[in-house]
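Student: have a look; sequence and predicted model below, questions after that.
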Amino acid sequence: MKRLLNFIEHNAKGKTKIFYVYSAHPDDFLGIIHWRPGWRCYVISYENCINMSLSCNKELNLFMKKLEDERKKNLVNKNGN
């Protein structure tokens, strides 16, 4: 599957990751993926007037699912459960 999005990790302080999301072509900035503590999940904050196709949303959702799975795995390993 052709990549539609680029995810660039931001060097943020703290234990949660932050990613900038860009269109693979023409490299437009789309938004930021970050952890939302109250919701206990990763979310994306979009820039104004962003249009996303089904395939772009699928790629974005798969990436965020991977982040949450990694976070859960790290918490289990840290707590020894």
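Tutor: Cool, the structure landed.
Student: where do the helices sit along the chain?
Tutor: Along the chain, the segments classed as helices by DSSP state H run 54-79.
Student: quick check: longest strand of it.
Tutor: strand 29-36 (DSSP state E).
Student: neighbouring strands of that one in the sheet, and parallel or not?
Tutor: strand 18-23 (antiparallel), strand 41-46 (antiparallel) (DSSP bridges).
Student: so of those, which one's packed in deepest?
Tutor: strand 18-23 (a mean of 18; mean count of other C-beta atoms under 10 Å). Heads up, the C-betas are built off the backbone N, CA and C, glycines and all.
Student: got the contact list for that one?
Tutor: Here strand 18-23 makes contact (C-beta atoms under 8 Å, 6 or more residues apart in numbering) with 4-10, 12, 28-35, 44, 60, 63, 67.
Student: hmm, try it at 7 Å
Tutor: 5-10, 12, 28-34, 44 (C-beta atoms under 7 Å, 6 or more residues apart in numbering).
Student: likewise for stretch 24-40?
Tutor: Contacts of stretch 24-40 (C-beta under 7 Å, 6+ apart): 3-6, 16, 18-23, 42-47, 50, 64.
Student: so for the contacts of strand 18-23, which is the shakiest by pLDDT?
Tutor: Lowest pLDDT within those is found at A12 (76).
Student: so how far is the longest strand of the chain off the chain centroid?
Tutor: 6 Å (C-alpha atoms, centre = their mean, to the nearest Å).
Student: can you put the strands paired with strand 29-36 in a markdown table and add distance to L54?
Tutor: A markdown table is the format used below for the strands paired with strand 29-36 (distance: least, C-beta to C-beta, whole Å):
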| stretch | distance to L54 |
| --- | --- |
| strand 18-23 | 15 |
| strand 41-46 | 16 |
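Student: so which of these gets nearest N79?
Tutor: With C-beta to C-beta as the criterion, N79 lies closest to strand 41-46 of those, at 18.8 Å.
Student: hey, C-alpha coordinates of the closest one in PDB?
Tutor: Extracted C-alpha coordinates of strand 41-46, given in PDB (Å, rounded to 0.1, in the frame of the first residue of the first chain):
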ATOM      1  CA  CYS A  41      -5.900   7.600  24.300                       C
ATOM      2  CA  TYR A  42      -4.000   9.200  21.400                       C
ATOM      3  CA  VAL A  43      -5.800  11.800  19.400                       C
ATOM      4  CA  ILE A  44      -5.000  14.000  16.500                       C
ATOM      5  CA  SER A  45      -5.500  17.800  16.500                       C
ATOM      6  CA  TYR A  46      -6.000  18.900  12.900                       C
END
